[in-house]
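Student: pasting the sequence and the predicted model now:
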Amino acid sequence: MNEFFYKLGKKASKTYQATKEKAVKLSEELKIRGKINEHKEKIIKTYKEIGEIVYNEIKKDNDVSKDDVISKCEDISRANDEISKLEAQLLALKKVKKCIECGAELDINSEFCSKCGRKQPVTEKVEVKEEPKDTKEAEVIEINNVEDNEEGNNK
């Protein structure tokens, strides 16, 4: 009987560990996607600000100075660079890469695209920061409604 509970506890622990790993990965993916969306919203806001600057200058019958919008354009470029970095982290987390021709997601080790057939370059290793693991294993304390025939099957 003790062996049955030991095996059951071990299986429950493995299932818990796999579920925990999936949850951590999903949580990290959601954080990255949230950061990407923040940058995209900032870009939209900056485009709007540029439009208002241009509109107001034209309305006053003035020429639009490059100096008026250059810092806003630099903000957009920085946000796009950050989005590219975050998208690379997301691909690394998912253990996939994008086809250089069509953009399809491929297994990280694929030599050719399964969609367009294009040969893919060798992928560099990208490290993903992992959160510290300070969670504890689950312990099976009590099991109810276990039928006697399960015990007979294990003998």
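Tutor: Perfect, thanks for sending it. Residues are numbered from 1 along each chain as shown.
Student: what about the host helix or strand of residue 48, distance to the chain center?
Tutor: Counting by DSSP states H and E, the element that carries residue 48 is helix 2-59. Per Cα atoms, centre = their mean, to the nearest Å, the displacement of helix 2-59 from the mean C-alpha position of its chain is 6 Å.
Student: beyond that helix, next helix or strand please.
Tutor: helix 66-94.
Student: what are the buried residues along that following helix?
Tutor: For helix 66-94, a neighbour-count test (16 or more other Cβ atoms under 10 Å) marks 69, 72, 75-76, 79, 83, 86, 88-93 as buried. The C-beta positions use only the backbone N, C-alpha and C, and glycine is treated the same way.
Student: mean confidence score for it?
Tutor: Throughout helix 66-94, pLDDT has a mean value of 93.
Student: swap in stretch 121-141?
Tutor: Stretch 121-141 carries an average pLDDT of 54.
Student: how close does the residue lying farthest from the centre of the chain sit to residue 108?
Tutor: Centroid-distance maximum for the chain: residue 61 at 47.3 Å, with Cα atoms, centre = their mean. Using Cβ to Cβ, to the nearest Å, residue 61 is found at 57 Å from residue 108.
Student: likewise for residue 27?
Tutor: Taking Cβ to Cβ, one finds residue 27 at 21 Å from residue 108.
Student: more neighbours: the two, which one.
Tutor: Just comparing residue 27 and residue 108: by other Cβ atoms under 10 Å the higher neighbour count belongs to residue 108, 14 against 11.
Student: ok so, going back, got the angle between the helix holding residue 48 and helix 66-94?
Tutor: Using axes from the mean of the first three to the mean of the last three Cα atoms, to 10 degrees, the direction of helix 2-59 lies 170 degrees away from that of helix 66-94.
Student: what's helix 2-59 packed up against?
Tutor: helix 66-94, helix 148-154 (3 or more Cβ pairs under 8 Å, 6 or more residues apart in numbering; DSSP states H and E).
Student: from the chain's centre, how far out does the longest one sit?
Tutor: Computed by Cα atoms, centre = their mean, the chain-centroid distance of helix 66-94 equals 17 Å.
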